[in-house]
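S.K.: generate a structure from the sequence data that follows.
(one chain, ligands or ions: 1)
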Amino acid sequence: VLQETTVVVFVLGGPGSGKGTQCPKIVEHFGFRHLCAGDLLQAEIESESENGTLIQNFKKEGKIVPSEITVKLLQQAMQQSDNKRFIVDGFPRNEENRAAFENIVRIKPEFVLFFDCPEEELTKRILNRNQGRVDDNIETIGKRLKVYFESTLPVINYYNSKRKVQKIDAQRSIDEVFEDVKSVFAKLRP
Ligand code: UP5
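M.R.: Predicted coordinates:
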């Protein structure tokens, strides 16, 4: 059972907006545990677990994996950690994800860190990445962007209406972006 003192920050932004680049820096400076939903799902694919093939197919199509799978992985990782402060990266990606996390894990995020970045820049970064990801090709990138605009932006808007979004201009250099990220986290209670 997770304690009431558990702190969760969601990190959202389009594919290639810099979530995976900035999160390790947050860990280093502020001592959070980094939980990347995409990495937890990738580990399931690689461990050849029963859901591996299903997850692989969703990922190849840029589609959002059923919430129960992702939430279970996040909850397990949180329960197994000694750390009580988590940055959850790349989740929740749609309303169903958001509701499932709130209903199952029963924790509301402290705030949502939102990396705002124009579409052209996102596409450019992903095509430059070149690390052999099954979803880093021009066809899947188009699908991922569509899913992001149709399903994830509404979640960001929902949290914005609750005044929980900390928006960062993610189009600048990695160091400039982290300066803004730092000032957001510096305001958190210890
Ligand atoms: N880069 C980073 N910052 C830069 C900067 N400021 N200036 C210039 N370049 C910068 O960065 C991307 C690239 O840009 C890198 O080469 C980096 O060096 C450079 P990165 O930090 O990796 O961006 P990130 O936002 O993490 O991009 P990523 O592509 O990993 O994000 P996605 O959200 O698409 O990927 P994720 O792994 O979260 O999800 C993949 C798939 O898993 C989804 O499409 C979906 O099918 C599935 N999924 C779910 O179904 N549910 C979930 O909850 C999560 C994932």
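
S.K.: wasn't residue 168 part of a strand?
M.R.: Yes. Read with DSSP: H, G, I helix; E, B strand; the rest coil, residue 168 is one of the residues of a strand.

S.K.: please renumber so the chain begins at 799
M.R.: Sure, I'll start counting at 799 from here, so that last one is residue 966.

S.K.: quick one: the nearest residue to it once chain neighbours are set aside from residue 852, how far?
M.R.: Closest residue in space to residue 966, ignoring its immediate chain neighbours: residue 978 at 4.9 Å, by CB to CB, 6 or more residues apart in numbering. (Each C-beta comes from the backbone N, C-alpha and C, glycine too.) Using CB to CB, to the nearest Å, residue 978 is found at 37 Å from residue 852.

S.K.: could you do residue 976 as well?
M.R.: When residue 976 is compared with residue 852 (using CB to CB), they lie 36 Å apart.

S.K.: pLDDT weak spots in this structure?
M.R.: 799 (pLDDT under 70).

S.K.: and the residue nearest to residue 966, its phi and psi?
M.R.: Per-residue torsions, residue 978: phi -70, psi -40 (degrees, to the nearest 10).

S.K.: residue 833 is in what secondary structure piece?
M.R.: Using DSSP states H and E, residue 833 maps to strand 831-834.

S.K.: what does that strand rub up against?
M.R.: 817-818, 821-822, 824-825, 872, 875-876, 879, 881, 883-888 (CB atoms under 8 Å, 6 or more residues apart in numbering).

S.K.: strands - which of these land there?
M.R.: Of the positions in those, 883-887 sit in strands, assigned by DSSP state E.

S.K.: for the residue in the chain that the ligand sits nearest to, give me its contacts.
M.R.: Going by CB to the nearest ligand atom, the ligand is nearest to residue 836 of the chain, at 2.1 Å. Going by CB under 8 Å, 6+ apart, residue 836 touches 818, 887-888.

S.K.: likewise residue 938?
M.R.: 858-860, 932.

S.K.: likewise for residue 828?
M.R.: Contacts for residue 828 were tallied using CB under 8 Å, 6+ apart; they are 883, 983, 986.
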